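[1] what would the 3D arrangement of this be:
(one chain, ligands or ions: 1)
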Amino acid sequence: MAIDKLSINDLLLDNVPGAPPPEDTPNVEPIDPQHPDLTCTPDLTKTKAHRHVVAVENAGGNAYGKATGLFNKHRKYSEQWNPWHPFRSAHDSQQAQSFSQQTKTWIDQDLRRGLDNFKIESFHSADALRKLLSELDLWLGNDSWIEDDSHIFGTLYYRDIFKCMQFLLAHLSFQVHLDFEPVCLADSEGRRIYSQMNTGDWWWDTQDQLPTGATIVPVICASDMTHLTNFSGDQHAWPLYLTIGNIQKDICHTPEKCALILVGLIPCPPQGAKNIDQAWHSAVGTVLSQLWHLHITGPGLKWDCADGFQRQCYPLLAAWVGDYPERVIVAQVSYGSCAMCEIPKGALMGHSTVRPLYNSRDQHIYSELLEDNNIDALHTVGVHAIRNQFWQYPLCNVYRLWQPDELHQLLLG
Ligand SMILES: [Zn+2]
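    The predicted model follows:
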């Protein structure tokens with residue numbers, strides 16, 4: 001079939017990573033490519049929730065009791081709760097924020113001059129401000145960093161990713177911007193609308209593989225190996241960020257909402273170093289190690305959510321945001337290969353009309369080839385003959401972590 005004979009559905013759904021063919025999707029009306037609804041206004045009478053999700057007032061994925069964690073406990077069960085903690089007032093909190101980029105000397109001088117008419121009550125020196133901030137019980141202060149000196153290119157700094165996820169899930173600022181269950185949005189004519197992450201096929205398919213009532217926490221990692229962050233003199237590191245797909249995309253995309261948490265500073269290799277890929281995988285594996293051990297048939301993790309309920313959460317690696325060099329390293333394929341399908345290197349800049357679609361990469365096949373020591377077969381499809389750590393992550397397909405990226409795939413080509 002020539003490429004121009006393919007329907008929009010074929011082109012979009014077969015080639016977009018993470019999106020299985022429409023026939024795999026339950027309760028979905030086929031989309032009519034001739035008459036796309038560009039306004040995409042959801043019609044709630046046509047919209048469906050997943051059958052595993054039992055509707056509970058103010059809850060999405062099944063709720064199992066009230067949240068008892070720091071955030072909701074303070075908000076819901078204490079009239080004395082101070083939203084500006086550790087500061088006494090909004091004014092003090094704002095002033096502290098304005099000092100965040102300043103030096104200690106600058107802050108001390110500013111406080112001595114009293115340019116705000118000496119209204120600040122919570123602190124009167126840079127040291128006092130630092131002490132207040134260190135007392136913040138949000139889990140993500142300076143002491144949340146773990147140091148690991150066992151990596152070959154230097155010290156790896158990382159955070160407990162489960163704590164970061166719990167922080168995001170229970171953060172009151174995101175209370176009305178969280179999704180816990182898959183929905184199938186439809187317009188007034190029953191045509192499917194894709195919007196937030198929970199409207200996509202990945203969430204529906206994954207929900208089917210988890211116990212009833214489970215709440216998926218889709219883990220989205222972001223890294224940029226070509227961007228070196230300079231900090232404290234001549235030290236360098238590759239930053240690794242994390243967010244969760246439960247937070248709606250408009251919030252995730254707004255830097256000042258702080259939905260993207262720095263979870264790892266991976267040591268950079270020195271000039272001319274070898275085995276960079278392996279060192280990177282080793283460091284990232286350390287940061288994400290908790291994801292390996294999740295039992296998808298078990299009870300999950302009982303985490304607080306910002307709407308005041310606890311849910312049985314299953315954090316799963318769902319997506320990776322990065323440039324082409326990242327794809328190659330994460331997928332452990334040779335440079336010039338596609339990280340998603342087995343298209344030959346030379347044909348990478350466009351599927352040919354003779355064979356428009358190529359086999360999707362399959363970690364199970366590669367794993368068997370590696371066990372059989374069939375190195376040639378792996379090299380033929382551009383896969384390194386080593387065990388990729390991401391093959392072990394539950395319900396994760398490392399070759400489908402990549403999502404369409406307007407900047408790199410459309411604008412830059
Ligand atoms: Zn491809």
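[2] pLDDT value on V330, please?
    V330 is assigned 94 on the pLDDT scale.
[3] how about G245?
    You'll see G245 listed with a pLDDT of 95.
[4] now it: closest residue in space, sequence neighbours ignored.
    P218 (3.2 Å; Cβ to Cβ, 6 or more residues apart in numbering). Heads up, the C-betas are built off the backbone N, CA and C, glycines and all.
[5] again with D143
    S134 (7.9 Å).
[6] isn't the one you found right up against S144?
    No: assessed by Cβ atoms under 8 Å, S134 is found out of contact with S144, at 11.4 Å.
[7] who's more crowded, the two?
    Applying other Cβ atoms under 10 Å to S134 and S144 shows that S144 carries more neighbours, namely 16 against 11.
[8] am I right that the more buried one is in contact with Y157?
    No: look at S144 against Y157 with Cβ under 8 Å: they stay out of range, at 10.2 Å.
[9] which residues are in contact with S360?
    With contact taken as Cβ atoms under 8 Å, 6 or more residues apart in numbering, S360 is in contact with 340-342, 399-400.
[10] ok, now with 6 Å
    S360 makes contact with C341 under the criterion Cβ atoms under 6 Å, 6 or more residues apart in numbering.
[11] for it, what are phi and psi?
    Dihedral pair for S360: phi -70, psi 150, per degrees, to the nearest 10.
[12] what does Q312 give?
    Backbone torsions for Q312, taken as degrees, to the nearest 10, come to phi -90, psi 100.
[13] and the gap between it and G190?
    32 Å (Cβ to Cβ, to the nearest Å).
[14] re earlier: how would you label the residue nearest to G245: helix, strand or coil?
    State at P218, reduced to three classes by DSSP: H, G, I helix; E, B strand; the rest coil: strand.
[15] now do E147
    strand.
[16] separation between it and the ion?
    Using Cβ to the ion, to the nearest Å, E147 is found at 39 Å from the ion.
[17] show me the contacts for that residue.
    Applying Cβ under 6 Å, 6+ apart, the residues contacting E147 are T155.
[18] repeat that for the one 5 residues further on.
    In this structure, I152 makes contact with A279, judged by Cβ under 6 Å, 6+ apart.
[19] where's it relative to the ion, distance?
    Counting by Cβ to the ion, the separation of I152 from the ion is 32 Å.
[20] SS state for that residue?
    coil.
[21] grab the nearest non-local neighbour of L401.
    Distance criterion Cβ to Cβ, 6+ apart; nearest residue to L401, sequence neighbours excluded, is W320 at 4.1 Å.
[22] the one you found belongs to a strand?
    Yes: W320 forms part of a strand when assessed by three-state DSSP.
[23] for I244, name its beta-bridge partners.
    I244 has these beta-bridge partners by DSSP bridges: V219.
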